[in-house]
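A.B. asks: Below are the sequence and a predicted model; questions follow.
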Amino acid sequence: MNVVFMGTADFSLKGLVALCENHCNVIAVYTQAPKPSGRKQKIHKSAVHEFAESKGIAVFTPKSLKKAEQIEIFASLKPDLAIVSSYGLIIPQNMLDIPKYGFVNIHASALPRWRGAAPIQAAILAGDKQTGITIMKMDAGVDTGDIISMQYVDITSKTNHGQLSEDLGNLGAKMIIETLSDLDNLLANAQKQPNEGATYAQKISKESCKIDWNNSTTDVLRHIMAFSPAPGAWSEVDGLRIKILDADVVSASSNFEISAANIGEIFENKGEMFVVCRDGILKITKIQPAGKNAMNGSDFLRGRKNLVGKIFS
RNA sequence: CGUGGGGUAGAGCAGUCUGGUAGCUCGUUAGGCUCAUAACCUAGAGGUCGGAGGUUCAAAUCCUCCCCCCGCAA
């Protein structure tokens, strides 16, 4: 069976790797076009792109799939099945119709919750206790297709975006292999996806990564975990831009004197770093000032004692 | 040639402008104090100051080139 893989994010790479390891005939890979990125504005290829090239698989990087020309190219590959995993482009109906088995999508949430662009972050931000992977048939809507299979992954207060992406990537890879092993049957038995309970994950922006210390400790912590390690929840103090990559809620039973009263104020206790939120205190355990590598909170404070008493804004 | 910061002991930093014996906090090692300790006291170990040239009596510091890390922006 000829398979075309479409994906861009690191999350999707695991699926492609699994397909190759399981001797699927991946005839082509679609991924977002390399564009100038990074510090020197160098052209960077996506991880999917690099991997596909290393395997000698043909790579296509159209900027849009809507043009007739792209439809023709796709058709000429004579695909039997297309697998999509956080690819980033909308696939038009007349392309969806081409493969005999259609398009199958690996989506990083338990649909219909968190349809859309950033489902992993959305689940953490919302405080969901679970999220998952949904394998579904694609239709013209945004993540509205019939569900082939779904499996769940737990989210705890210590689950960050990086870890969850990796776990979901592994799960997605495993599930897509299982799907292929029984494709006819599973496709025939796919369940209609309910619209009830559907939510949409907004794309994340730089501004939405900024920490609002006026929120509760739980909300601030979720915010931190949802964007860690990248792009990183951030805040500013003393003109310095700082990313907070990991933290803990200080439990109410911890009995140390809180001398700091202002929201966003930094204070120190036994060498550890703490910040005041609306309803409590967060211990900062991993932090990255602009221009430096990530370090733990106490190391950060050691060299910058002058920041104690300053307010994050 | 998008743009800014950084590389000094295991960690985080000061020192660089204005050249003159390598510092601080923490950790670590040994000893002491203590009912006890993450507390305190004493002593010690630990550095090619990112690399290579150059200037100089003398370079972490000034000049040139290179390597690496990171922030912003895309």
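C.D. replies: Perfect, I can see it now. Residues are numbered from 1 along each chain as shown, chains lettered A, B, ... in the order given.
A.B. asks: Helices of the stretch 1-150 of chain A, start to end?
C.D. replies: When secondary structure is read from DSSP state H, counting those that start in this stretch, the stretch 1-150 of chain A shows helices at A:10-21, A:47-54, A:68-76, A:93-96, A:119-125.
A.B. asks: Pull the number of nearby residues for the closest residue to RNA strand B within the stretch 201-313 of chain A.
C.D. replies: Checking the stretch 201-313 of chain A residue by residue against RNA strand B with Cβ to the nearest atom of the strand singles out residue A:303 as nearest, at 2.6 Å. From N, CA and C alone the C-beta is placed, and that goes for glycine too. Here the neighbour count serves as a burial measure; for residue A:303 (other Cβ atoms under 10 Å) it reads 11.
A.B. asks: Could you check how many residues crowd around residue A:301?
C.D. replies: The local packing count at residue A:301 equals 22, with neighbours defined by other Cβ under 10 Å.
A.B. asks: Can you tell me the SS state at it?
C.D. replies: Using DSSP: H, G, I helix; E, B strand; the rest coil, the three-state assignment for residue A:301 comes out as helix.
A.B. asks: for it, what are its contacts?
C.D. replies: By Cβ atoms under 8 Å, 6 or more residues apart in numbering, residue A:301 lies in contact with A:266, A:268, A:271, A:272, A:273, A:307, A:308.
A.B. asks: Mind checking what secondary structure the second one has?
C.D. replies: Just to be clear, that refers to residue A:268. Bear in mind the rule, three-state DSSP; under it residue A:268 is strand.
A.B. asks: Pretty sure residue A:201 sits against residue A:108.
C.D. replies: No - taking Cβ atoms under 8 Å as the definition, residue A:201 is not a contact partner of residue A:108, at 9.4 Å.
A.B. asks: Please enumerate the shared neighbours of those two.
C.D. replies: Each of residue A:119 lies in contact with both residue A:201 and residue A:108 under the rule Cβ under 8 Å, 6+ apart.
A.B. asks: Who has more neighbours out of those two?
C.D. replies: Counted by other Cβ under 10 Å, residue A:201 and residue A:108 do not tie: residue A:108 has more neighbours, with 30 against 21.
A.B. asks: isn't that one right up against residue A:131?
C.D. replies: Yes - counting by Cβ under 8 Å, a contact exists between residue A:108 and residue A:131, whose distance comes to 7.4 Å.
A.B. asks: so what sits against both of those two?
C.D. replies: Shared between the contact lists of residue A:108 and residue A:131 (criterion: Cβ under 8 Å, 6+ apart) are residues A:119, A:120, A:168.
A.B. asks: Now cross-check these against RNA strand B and list the overlap.
C.D. replies: Restricting those to those adjacent to RNA strand B (criterion: Cβ under 7 Å from any atom of the strand) removes every one of them.
A.B. asks: Buried subset of the residues you listed as a PyMOL selection?
C.D. replies: Written as a PyMOL command, the selection of buried residues from the shared contacts of residue A:108 and residue A:131, which uses 16 or more other Cβ atoms under 10 Å, is:
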select buried, chain A and resi 119+120+168
